[in-house]
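J.: I'll drop the sequence and a predicted model, then ask my questions.
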Amino acid sequence: MEILMTDEPIGSYFEKFINKDSIFVDKKYLQSTYTPTTILHRDEQIKAIADILAPVLKLERPSNLFVYGKTGTGKTVTVHYTTNEISKVAQKYNKPVKVCYLNCKLKKIADTEYRLIAHISRMFGKAIPPTGLPTDEVYNIFYKAIDSTRQIILLVLDEIDQLIKKAGDEILYNLTRINEQLTNAQVCLIGISNDLLFIDNIDPRIKSSLSEEELVFPPYNAIQIQEILLSRAKKAFKPGVVAQGVIEKCAAYAAREHGDARRALDLLRVAGEIADREGSGKILISHIDKAERKIERDRVLDIVSTYPRQFQLVLYAIMMLRKSQREPLYTGEIYEVYKGLCKRVSVSPLTQRRVSDILGELDMLGLINAKVISKGRYGRTREISLSVPDSTIPKIEGILESALHLS
DNA sequence: GTCAATTCACATGAAAGAGACCACGGTCTAGTG
DNA sequence: CTAGACCGTGGTCTCTTTCATGTGAATTGACGA
């Protein structure tokens, strides 16, 4: 959030804002929710998905499909696109094909068995309370809801690895066997996963029925990302506002991060916003650097201010300890400082077991670097260091201190 | 010097509990005709 | 007689605790050269 630095009246600021011409034509083309009309560098995959799913148009149940690939390799967008096309055609020929897309990562929507089934049922117009019903009851409602008419349902489960990690693989077992319970309707599962190893850790029976077909999305290379960026930038920005080398730099950043196109698009969009706000009529390379820092800072600050108090306490303990002591830090030390901190703010401390998990989660979030090491005779522990840029540390401290009512 | 056993300081897993939230069905109450 | 208020029961969900088991290499100490 940039702060208004001048002392002119706020009204005229807004007026300026509305009159100021932005370098954007339409930002939506750079947002990750946008599905482009043509997808670059994914022809093979589109063709493969189309081949696999085509039988739905004859009302035959296609094989279940499992899609792998790292983040930002276009899995979601490609599946979206293909299933959209299918439902368009199906509509044209009046075939009862329905596509259900669900992102399992979204909290409070589809991160447990109950919620997943409830959410799908709601898509079919059944009202299901957010909690309170037995799970098999919800299944019954679900069966009734979809089995009432003859139809084929393409159930797309995005980030399915998250769901399994949190809720176990029983859901998948139930889902893969769902067709046995149905007389009219048929369900085809399309699983999308970021985690390439995930399928190896589930029950082999489920594995074989879920991944009747598999499809791997390779990362984009830098050139491909450039082309993608270019095609989106053409629509999103006014002509000529993107300086030489900007696209290339964005692509290079993203290619470094295993070819994550989403990241590249975010970077470009934020760079555009910054350029806009600075009143510079062009996006320069320096804006990309600023954008990268801003994205990271916003992400970190968001986590720090929204996560539960116990997480904040652990993080604050790490930051305190870091001042008096050289990194790396170890779990035991942090726990001691944490306990002291709890006493100070009169919060009952958690067990070390729990704190250990919290440290693991902070690591996953990328706020700290935690590596399990063995110090031989002196035990096994996590070696921990803070992994946020130094420039944001004072801000984090500020947020934590006010959130925890420390002085 | 070499080798296996020991040992530390946690990590990691599994299970179960606490407390918040919620639906459902039954009972009670007050208002209505 | 009926709509709504008010329980009790039984369910989910998240965060935790409890108990149990695992683990990797520095250290130790026995052994043989």
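T.: Thanks, I have it.

J.: got the residues of chain A near DNA strand B?
T.: For chain A, the residues found near DNA strand B under the criterion C-beta under 7 Å from any atom of the strand are A:129-133, A:330-333, A:352-353, A:356-357, A:359-360, A:372, A:376-382. Quick note: C-beta positions are derived from backbone N, CA and C, even for glycine.

J.: and these near DNA strand C, which?
T.: Applying C-beta under 7 Å from any atom of the strand, the subset of the residues of chain A next to DNA strand B adjacent to DNA strand C comprises A:131-133, A:353, A:357, A:376-380.

J.: chain A against DNA strand C: which residues are in contact?
T.: Residues of chain A lying near DNA strand C (C-beta under 7 Å from any atom of the strand): A:107-108, A:111-115, A:131-135, A:166, A:308, A:310, A:348-351, A:353-354, A:357-358, A:374-380.

J.: got a list of what A:K27 touches?
T.: By C-beta atoms under 8 Å, 6 or more residues apart in numbering, the contact list for A:K27 reads A:236, A:269, A:272.

J.: ok, back up a step: out of the residues of chain A next to DNA strand C, which are inside helices?
T.: Taking DSSP state H as the definition of helices, the residues of chain A next to DNA strand C contribute A:113-115, A:135, A:166, A:310, A:353-354, A:357-358.

J.: for stretch A:294-303, buried residues please.
T.: Neighbour counts using 16 or more other C-beta atoms under 10 Å place A:294-295, A:297, A:300-301, A:303 of stretch A:294-303 among the buried residues.

J.: need those residues in TSV with pLDDT and secondary structure, can you?
T.: Output for those, formatted as TSV (pLDDT from 0 to 100; DSSP: H, G, I helix; E, B strand; the rest coil):
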residue	pLDDT	secondary structure
A:K294	93	helix
A:I295	92	helix
A:R297	92	helix
A:V300	93	helix
A:L301	93	helix
A:I303	91	helix
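
J.: related to what we said a few turns ago, from the ones next to DNA strand C among the residues of chain A next to DNA strand B, which two are the most distant?
T.: Distance extremes for those: the farthest pair is A:L133 and A:R377 at 54.4 Å, using C-beta to C-beta.

J.: ok, the two, which is more surrounded?
T.: A:L133 (14 against 5; other C-beta atoms under 10 Å).

J.: let's verify the most centrally placed residue in chain A: helix, strand, or coil?
T.: In chain A, the residue lying closest to the centroid (C-alpha atoms, centre = their mean) is A:K105, at 6.9 Å. Following DSSP: H, G, I helix; E, B strand; the rest coil, the label given to A:K105 is coil.

J.: quickly find the element holding A:I171.
T.: Following DSSP states H and E, one finds A:I171 within helix A:170-176.

J.: next: A:A252.
T.: helix A:246-256.

J.: for that helix, buried residues please.
T.: A:246-251, A:253-255.

J.: nearest to A:I152 among these?
T.: Within the buried residues of helix A:246-256, the smallest distance to A:I152 is 36.9 Å, found for A:A254 (C-beta to C-beta).

J.: once you drop chain neighbours, what's closest to the closest one?
T.: A:A264 (3.5 Å; C-beta to C-beta, 6 or more residues apart in numbering).

J.: alpha carbons of the helix or strand hosting the one you found, as PDB, please.
T.: Under the criterion of DSSP H and E, A:A264 resides in helix A:261-278. Extracted as PDB, the C-alpha positions of helix A:261-278 are listed here (Å, rounded to 0.1, in the frame of the first residue of the first chain):
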ATOM      1  CA  ALA A 261       4.000 -19.300 -15.900                       C
ATOM      2  CA  ARG A 262       1.600 -18.100 -13.300                       C
ATOM      3  CA  ARG A 263       4.400 -16.500 -11.400                       C
ATOM      4  CA  ALA A 264       5.600 -14.800 -14.600                       C
ATOM      5  CA  LEU A 265       2.100 -13.400 -15.200                       C
ATOM      6  CA  ASP A 266       1.800 -12.200 -11.600                       C
ATOM      7  CA  LEU A 267       5.200 -10.500 -11.900                       C
ATOM      8  CA  LEU A 268       4.200  -8.700 -15.000                       C
ATOM      9  CA  ARG A 269       0.900  -7.600 -13.600                       C
ATOM     10  CA  VAL A 270       2.300  -6.300 -10.400                       C
ATOM     11  CA  ALA A 271       5.100  -4.600 -12.300                       C
ATOM     12  CA  GLY A 272       2.400  -2.900 -14.400                       C
ATOM     13  CA  GLU A 273       0.600  -1.800 -11.300                       C
ATOM     14  CA  ILE A 274       3.700  -0.300  -9.800                       C
ATOM     15  CA  ALA A 275       4.600   1.500 -13.100                       C
ATOM     16  CA  ASP A 276       1.100   2.800 -13.100                       C
ATOM     17  CA  ARG A 277       1.300   4.100  -9.600                       C
ATOM     18  CA  GLU A 278       4.600   5.700 -10.200                       C
END
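
J.: now what about it, what contacts it?
T.: Applying C-beta under 8 Å, 6+ apart, the contact partners of helix A:261-278 are A:2, A:22-24, A:27, A:30-32, A:71-74, A:220, A:225, A:228-229, A:232-233, A:236-237, A:241, A:246-247, A:250-251, A:253-254, A:257, A:281-284, A:287-288, A:290-292, A:294-295.

J.: buried stuff in that helix?
T.: Quick answer for helix A:261-278 (16+ other C-beta under 10 Å): A:261-276.

J.: what about the residue of chain A found nearest DNA strand C, how many neighbours?
T.: Minimum separation of chain A from DNA strand C (C-beta to the nearest atom of the strand) falls at A:G376, amounting to 1.6 Å. Look at A:G376: counted by other C-beta under 10 Å, it has 7 neighbours.

J.: for it, give its distance to A:A255.
T.: When distance is defined by C-beta to C-beta, to the nearest Å, A:G376 is 40 Å away from A:A255.
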